[in-house]
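Q: Structure, please.
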Amino acid sequence: MDALNPHIPAFHQKPLWDARVYAEKIRGGDRVALSQAITLAESATPAKQDLGQEIIALCLPNANHSFRLGITGSPGVGKSSFIETFGLSGLERGKKIAILAIDPSSRINKGSILGDKTRMLELGKSENVFIRPSPAGETLGGVARKTRETIILCEAAGFDTIVVETVGVGQSETAVHSMTDFFMLLLLPGAGDELQGIKRGIVEMADLIAVNKADGDRETAAKQARASYNNALHLFPAKESGQIPKVVTCSALTGAGTMEIWQIIDDYLTKTTANGFFEFQRKRQAVFWMHETINQAILAGFYNNADVRENMEVMEKEVISGSLSPFKAAEELLKMSKS
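A: Next up is the predicted model:
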């Protein structure tokens, strides 16, 4: 982690280990080494970032042996409460769980991630649970890539269940879907109109829809919502995995429905492992993230180019005034970035 006070002499700052030492400690389950390695990978300092990438490369042979679960839902649906209840039941099943979050909005809404973490107090007490907020102030692509790298490090540390939660809303659902094996959409009781307000693409991605807060006075409404969502799912095409998406009711408060969700996940893993989709999807995702990393590096290189930075504002003004077409401006800036 970068020093908070740059005036502190270097000998007072904790020295960095060699990448092989980090990798060995991570494979041994050292949570401090794991946290430090994630921070290195997230660092904006090139030397630290390079060290982080070296650690990831050394950990890669010990990764890919987990189940990756993506969870999304609108603010107020109770994601963090559900994850805690779901995680506690997972611990009873002998799971080691890492919980990661994608939140490209955290630079603006700085309390959201920290709030989620403090609400998972019981789950966070377990030595078999690791909770990591996403970095703030990043583009969605940057946050998503770093979350993908964090998954590799957590898997090497022995966590067999990785939960990736969307905290921000928008395109983050697509990013989470592109790095997980099973995608769950949490909804609130209330049928019909609510589903219409959710992007069709998000519903199409879901392997499971869970109607949360199905307790007390809301239990009847949750059951009605379950029936409505079930009917709506018949309008969507069959999934490539062969999975027929299910709708369940659950309660983070009482734990109702939690074991049913675990069973649906187990059945999904059995089915997709047998038909080859699980391995196919993992390979496809790895190639996708290779291309995404290339695209992000090219974009960063373009905007960090000195000539581009110097001329960008002038070009923008000319485009606004109409003296230069946006296409010609883009062409000129691209030429500058290659010079």
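Q: In stretch 324-332, which residues are buried?
A: Neighbour-count burial for stretch 324-332, counted by 16 or more other Cβ atoms under 10 Å, picks out 324, 329. Quick note: C-beta positions are derived from backbone N, CA and C, even for glycine.
Q: Show me what counts as buried in the helix or strand where Y229 lies.
A: Using DSSP states H and E, Y229 sits within helix 219-233. Going by neighbour count (16+ other Cβ under 10 Å), the buried part of helix 219-233 is 219, 221-222, 224-226, 228-229, 232-233.
Q: pLDDT averaged over it - what is it?
A: For helix 219-233, mean pLDDT is 86.
Q: Please shift the residue numbers so they start at 10 in all later answers.
A: Fine by me, first position is 10 from now on; the one you just mentioned is helix 228-242.
Q: What helices and strands are in contact with it?
A: Helix 228-242 sits against helix 202-205, strand 217-220, strand 255-258, with contacts defined as 3 or more Cβ pairs under 8 Å, 6 or more residues apart in numbering; DSSP states H and E.
Q: and the first one, average pLDDT?
A: The one in question is helix 202-205. For helix 202-205, the mean pLDDT works out to 52.
Q: what about V220, how many residues close to it?
A: Neighbourhood size, V220 [other Cβ atoms under 10 Å]: 29.
Q: typo on my end, E319
A: Count around E319 with other Cβ under 10 Å applied: 10.
Q: isn't there a helix covering it?
A: Yes - with DSSP: H, G, I helix; E, B strand; the rest coil as the criterion, E319 is assigned to a helix.
Q: Including distance to N284, could the buried residues of helix 228-242 go into CSV?
A: Listed next are the buried residues of helix 228-242 as CSV, based on distance: Cβ to Cβ, whole Å:
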residue, distance to N284
E228, 36
A230, 36
A231, 32
Q233, 34
A234, 31
R235, 27
S237, 30
Y238, 25
A241, 26
L242, 21
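Q: Now do the buried residues in the helix or strand hosting A309.
A: Here A309 is covered by helix 286-313, with elements defined by DSSP H and E. Of the residues in helix 286-313, 286-287, 290, 294, 298, 301 count as buried by neighbour count, 16+ other Cβ under 10 Å.
Q: In contact with G38, which residues?
A: Each residue near G38 by Cβ atoms under 8 Å, 6 or more residues apart in numbering is listed here: 166-167.
Q: low-scoring pLDDT stretches of the stretch 60-209 of the chain, where are they?
A: 112-128, 144-151, 177-180, 200-209 (pLDDT under 70).
Q: I'd assumed L69 was in a helix, is it?
A: Yes - assignment of L69 by three-state DSSP places it within a helix.
Q: list the contacts for it?
A: Listed by Cβ under 8 Å, 6+ apart, the contact set of L69 reads 161, 165.
Q: Okay, it and E288: tell me how far apart.
A: In this view, L69 and E288 are 16 Å apart by Cβ to Cβ, to the nearest Å.
Q: now do A261
A: Distance from A261 to E288, counting by Cβ to Cβ: 33 Å.
Q: swap in H186?
A: Distance, H186 to E288, using Cβ to Cβ: 17 Å.
Q: So what's the residue count around T282?
A: So T282, with other Cβ under 10 Å, has 11 neighbours.
Q: Kindly indicate whether the closest residue to T258 other than its chain neighbours is helix, strand or coil.
A: Nearest non-adjacent residue to T258, counting by Cβ to Cβ, 6 or more residues apart in numbering: A223, 3.8 Å away. Using three-state DSSP, the structure places A223 in coil.
Q: Kindly provide the distance from A223 to K292.
A: The value you get for A223 to K292, if Cβ to Cβ is used, is 37 Å.
Q: same question, I211
A: For I211, the distance to K292 equals 24 Å [Cβ to Cβ].
Q: Next, report how far stretch 218-230 is displaced from the centre of its chain.
A: Taking Cα atoms, centre = their mean, to the nearest Å, the mean C-alpha location of stretch 218-230 is offset from the chain mean by 26 Å.
Q: do stretch 72-91 as well
A: Mean-position distance between stretch 72-91 and its chain equals 8 Å (Cα atoms, centre = their mean).
Q: That stretch spans what distance, first to last residue?
A: Taking Cα to Cα, to the nearest Å as the measure, stretch 72-91 stretches 26 Å from start to finish.
Q: can I assume L194 sits in a strand?
A: Yes - L194: assigned to a strand according to three-state DSSP.
Q: Now do it against G96, distance only.
A: Counting by Cβ to Cβ - L194 and G96 are separated by 18 Å.
Q: can you check C163 too?
A: From C163 to G96 the distance is 14 Å (Cβ to Cβ).
Q: For those two, indicate the residue with more neighbours.
A: Legend: neighbour count by other Cβ under 10 Å for C163 and G96, higher for C163 (27 against 24).
Q: Could I get the buried residue list for the helix or strand containing the more buried one?
A: If you go by DSSP H and E, C163 is part of helix 149-165. For helix 149-165, burial by neighbour count (16+ other Cβ under 10 Å) applies to 149-165.
Q: likewise stretch 271-290?
A: Within stretch 271-290, the residues that count as buried by 16+ other Cβ under 10 Å are 271, 273-274, 277, 281, 286-287, 290.
Q: thinking again about what came up before, okay, the angle between the helix holding C163 and helix 286-313?
A: 130 degrees (axes from the mean of the first three to the mean of the last three Cα atoms, to 10 degrees).
Q: Summarise which helices and strands the strand or helix carrying E269 is packed against.
A: Applying DSSP H and E as the criterion places E269 in helix 267-283. Packing partners of helix 267-283 (3+ Cβ pairs under 8 Å, 6+ apart): strand 76-82, helix 88-101, strand 191-196, strand 217-220, strand 255-258, helix 286-313.
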